[in-house]
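K.L.:
A structural model of the following input is requested.
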Amino acid sequence: MGDVSAEAVTLDLLREARERVRSSPLGVINTPMIPWCQTTLPLNVSCSVHIKMENMQRTGSFKIRGVANQFSRRPRRGCFVTLSAGNYGKSFAYASKHYGSKGKVVMPETAPESRATLIQSFGVEVERVPTSSLMSVVNRCVQENNMTLLHPYDDLDLIAGHASLGLEVLEVVPEPDVVVVCCGGGGLLSGVAAAIKLSGLNKTRIYGVEPEGACTMYQSFIEKKPVWMDAKSIASGLAPPSAGRLPFELCRLYVEQIILVSDEEIKAAVSTLFRAGLVVEPAGSAAFAALVNNKVPDLEGKKVVCILSGGNVGKDELANFPD
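P.N.:
Residues are numbered from 1 along each chain as shown. Model (predicted):
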């Protein structure tokens, strides 16, 4: 990331990125916004909620937005390396195959084997390592094999690409009172928050949601700097080893609070969504889990947006969730 600071993130930059994402040959979708009242989902608070369905994105998650902008800004037949528990890796591999780039994904050993197999099916190499070794292996690839790192969350182009989601939200709900977004390394949360706040919606409250066992952004807020930790959660997509530096800066500026949910609450959220006909992975269910467990404050009578960020969950994984 170099010395890029939060000041580099402007509304013009985000709008330009949105146009690149929209015109990308990777086929990024303007995903539906569904009113909660048109579903069978439970809601204990009297408020108006819209659900942003990023689980319907072409590669099954929001990650394709940032990847589309990253590849549009770099030599596309390069030799790239990244780290991912699955969703970013899938979008990275999809783009690498489309552009004919050589790629490698370094994955934590805790990620489902099915996700590694899927990434490899696009012709991208996968190396599985302990979570604590992710960055050291990536750095080795950069230094010894002359590969270029495409960071999965701490990258200006990626964050700007993810901001396209926030701008789409405002096209349907122009003045939301509350927006609830999952948070891992912070790329999505910071992009969405920047898009909304830089659009002039100073009164909108934006909440990030993390698993209790992978609360790097939560701890970073406390320590006032990005922290590293041995993150563990059923929501592997929200369990990177650290919060991103640039995402942290942006979240400190634009995010109201980081809310924590337990793995049990995430499991229950996946099951509840599935019973309502929505296939959403654990990481993609975190924001929903925070809402249904009444962890987001002051929602009565408010206009709320909840982002379901991904649906990449296999039958083998769903079998482990309660009926």
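K.L.:
distance check, Glu171 against Phe274.
P.N.:
For Glu171, the distance to Phe274 (C-beta to C-beta, to the nearest Å) stands at 28 Å. Just so you know, the C-beta spots here come from the backbone N, C-alpha and C atoms, and that holds for glycine as well.
K.L.:
who's more crowded, those two?
P.N.:
Phe274 (16 against 9; other C-beta atoms under 10 Å).
K.L.:
helix or strand for that one, which one?
P.N.:
Using DSSP states H and E, Phe274 falls within helix 263-275.
K.L.:
next: Thr31.
P.N.:
Judged by DSSP H and E, Thr31 forms part of no helix or strand.
K.L.:
for stretch 204-215, give the mean pLDDT please.
P.N.:
For stretch 204-215, the mean per-residue pLDDT is 98.
K.L.:
buried set for that stretch?
P.N.:
204-211, 213-215 (16 or more other C-beta atoms under 10 Å).
K.L.:
just the terminal-to-terminal distance for that stretch.
P.N.:
Taking C-alpha to C-alpha, to the nearest Å, stretch 204-215 runs 23 Å from one end to the other.
K.L.:
and that stretch, how far out from the chain middle?
P.N.:
With C-alpha atoms, centre = their mean, to the nearest Å as the basis, stretch 204-215 stands 12 Å off its chain's centre.
K.L.:
please apply the same query to stretch 18-28.
P.N.:
18 Å.
K.L.:
what does that stretch rub up against?
P.N.:
Residues from elsewhere that reach stretch 18-28, judged by C-beta atoms under 8 Å, 6 or more residues apart in numbering: 30, 57-58, 64-65, 67-69, 71-73, 94-95, 98, 161, 163-164, 167.
K.L.:
phi, psi for Val126 please.
P.N.:
Dihedral pair for Val126: phi -120, psi 130, per degrees, to the nearest 10.
K.L.:
next, the contact list for Phe71, please.
P.N.:
Residues counted as contacts of Phe71 (C-beta under 8 Å, 6+ apart) are 24, 26, 95, 99, 101.
K.L.:
sorry, slip of the keys, the one I care about is Ala93.
P.N.:
Ala93 touches 103, 105, 118-119, 122-124, counting by C-beta under 8 Å, 6+ apart.
K.L.:
go with 10 Å
P.N.:
Neighbouring residues of Ala93 by C-beta atoms under 10 Å, 6 or more residues apart in numbering: 59, 67, 82, 84, 101, 103-105, 118-126.
K.L.:
helix or strand: which one has it?
P.N.:
helix 87-99.
K.L.:
can I get that helix in PDB, CA atoms only?
P.N.:
Included here for helix 87-99 are C-alpha records, laid out as PDB according to Å, rounded to 0.1, in the frame of the first residue of the first chain:
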ATOM      1  CA  ASN A  87     -13.900 -15.600  -1.800                       C
ATOM      2  CA  TYR A  88     -11.200 -13.200  -2.900                       C
ATOM      3  CA  GLY A  89      -9.200 -16.200  -4.200                       C
ATOM      4  CA  LYS A  90     -12.100 -17.300  -6.300                       C
ATOM      5  CA  SER A  91     -12.600 -13.900  -7.900                       C
ATOM      6  CA  PHE A  92      -8.800 -13.500  -8.300                       C
ATOM      7  CA  ALA A  93      -8.700 -16.900 -10.100                       C
ATOM      8  CA  TYR A  94     -11.700 -16.000 -12.300                       C
ATOM      9  CA  ALA A  95     -10.000 -12.800 -13.400                       C
ATOM     10  CA  SER A  96      -6.600 -14.500 -13.900                       C
ATOM     11  CA  LYS A  97      -8.200 -17.000 -16.200                       C
ATOM     12  CA  HIS A  98     -10.100 -14.400 -18.100                       C
ATOM     13  CA  TYR A  99      -7.000 -12.200 -18.700                       C
END
